[in-house]
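Asks: quick one: sequence plus predicted model below, questions after.
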Amino acid sequence: MKSSRGLDPKIEAVFRDLLGRIPFLQVKSFRAINEVYGNQPDALVEVEARGKPWVLVVECKRQGHPQHVRHGLLQLQRFLEPTRGRPCYGVLVAPFISKLSADLCAEAGVGYVDLAGNARLAFDQVFIETRVADNPFREKRETRSLFGPRATRVLRVLLQGPLHPWKVAELAESARVSVGWASAVRRELLAREWGVEEPGGLRVKKPHAILDAWVKADDWRKRTTTEEYSLLLPSDPVHLAEKLQDTLKGDRPAFTQWFAAWLRHPHATVPVVTAYVRKLPEETVITEAFLARQVSSGGRLRLVLPKDEGVFSPAQKARGFDLVSDVQIYLDLLPAGLRGDEQAAELRKWPDFAGGWA
């Protein structure tokens, strides 16, 4: 957002565009401040509103997560304190300002501007407010760091209720990742204020916000390899699942999607029995045991090889069957079709979803 030469020219352009929409407002100067130790704001914008001079005190942040915004607001408060009583107005700038971060700025009486088109300026007789839905500048690295294979191992553990604090070392051991990965997830959750630091460690504060963001980042096709089978003879889901367990013997499958959701919180019939396996069996093993043939779609038995074995943990049991976690069942149902999204919604509304998040 700021270089050795001053403020990002994109930010200046956005500012000038916004301020230029007000017919009675004139921009007198736009001055970036190169302060090595951060004891000064990043820029001062001098404007005139109906003949009255105002100074916009600008503080830039590389990220607009709530934690970073709170820090920026404290900095602006420090910069503005000596100007009390004078026509000065603080403005926080970031690549993207989320709705929560925008609310923090409004509560503090501070304006905000981002590169995505979100803005709120309210001083003198000036009022500008615009809002866009999504973040077009979402960093791929940022998304990978929180919803990549290793990080989601940590999220599955944290989202298993009842929600409680976790020390980093204990979290890493339970999720089967390095302490470094557990620490990275902790930092991301705290930055977004989706988690809170307590004496006992990190506790998830906003599980629904985490899951909603995970849904947007998730890609079933990229994280799985699937084999589907059409069955010659009819069979109820329970019998089919029992036979699959017997057929695979030592490699016990972990069921997901409709069958797993039906066992956890019945809502609709089970059109397909889906199970994660650690190794896809030879095709003849399934075709001979079930009088089946492999198909590209429309089958009643689906075997799924995950790219990362984190999907198997935490596990749960129901009526003698191994299941993946409720969070994983939910994620797997959403893109599945055959009204899987309806079953997913019912499962998530259930008070005991993922052990309860109350």
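Replies: Yep, that arrived.

Asks: quick one: pLDDT of the spatially closest residue to Ser325 that is not a sequence neighbour?
Replies: Setting aside the residues directly before and after it, Ser325 is nearest to Pro314 in space (CB to CB, 6 or more residues apart in numbering), at 5.2 Å. Bear in mind the C-beta positions are built from the backbone N, C-alpha and C, glycine included. As summarised for this prediction, Pro314 has a pLDDT of 96.

Asks: the chain should start at 643 in everything you say after this.
Replies: That works, and once the first residue is 643, the last one we named lands at Pro956.

Asks: list the residues that contact Pro956.
Replies: 798-799, 802, 967 (CB atoms under 8 Å, 6 or more residues apart in numbering).

Asks: how near is it to Leu800?
Replies: To Leu800, Pro956 is 10 Å away according to CB to CB, to the nearest Å.

Asks: which ones among the contacts of Pro956 map onto helices?
Replies: For these, membership in helices holds for 798-799, with DSSP state H as the criterion.

Asks: farthest pair in the contacts of Pro956?
Replies: Across the contacts of Pro956, the longest distance by CB to CB is 9.2 Å; it joins Val799 and Ser967.

Asks: between those two, which contacts overlap?
Replies: 955-956.

Asks: pLDDT below threshold where in the chain?
Replies: Scanning the chain for pLDDT under 70 picks out the ranges 643-649, 676-681, 775-786.

Asks: name the element the residue nearest the centre of the chain belongs to?
Replies: The residue at the geometric middle of the chain, judged as the C-alpha nearest the mean C-alpha position with CA atoms, centre = their mean, is Ala855 (2.8 Å). Under DSSP states H and E, the secondary-structure element containing Ala855 is helix 849-859.

Asks: right, and Gln668 touches Arg692 too?
Replies: No. Shown here, Gln668 and Arg692 do not form a contact pair, counting by CB atoms under 8 Å, at 9.6 Å.

Asks: who has more neighbours, those two?
Replies: More neighbours surround Gln668 than the other of Gln668 and Arg692, with 15 against 10 (other CB atoms under 10 Å).

Asks: so what's Ile728 closest to, chain neighbours aside?
Replies: Actually, residue 728 is Arg. It isn't Ile. Closest residue to Arg728 apart from its sequence neighbours, by CB to CB, 6+ apart: Val697 at 7.8 Å.

Asks: partner strands of whichever helix or strand that neighbour is part of, with direction?
Replies: Counting by DSSP H and E, the secondary-structure element that holds Val697 is strand 694-702. For strand 694-702, the paired strands and their directions (DSSP bridges) are strand 685-691 (antiparallel), strand 730-736 (parallel).

Asks: phi, psi for the closest residue to Asp994 other than its chain neighbours please.
Replies: Excluding its sequence neighbours, the residue lying closest to Asp994 (CB to CB, 6+ apart) is His907, at 7.6 Å. In this entry, His907 is assigned phi and psi values of phi -150, psi 90 (degrees, to the nearest 10).

Asks: residues touching His907, list them.
Replies: His907 neighbours (CB under 8 Å, 6+ apart): 988-989, 992, 994-995.
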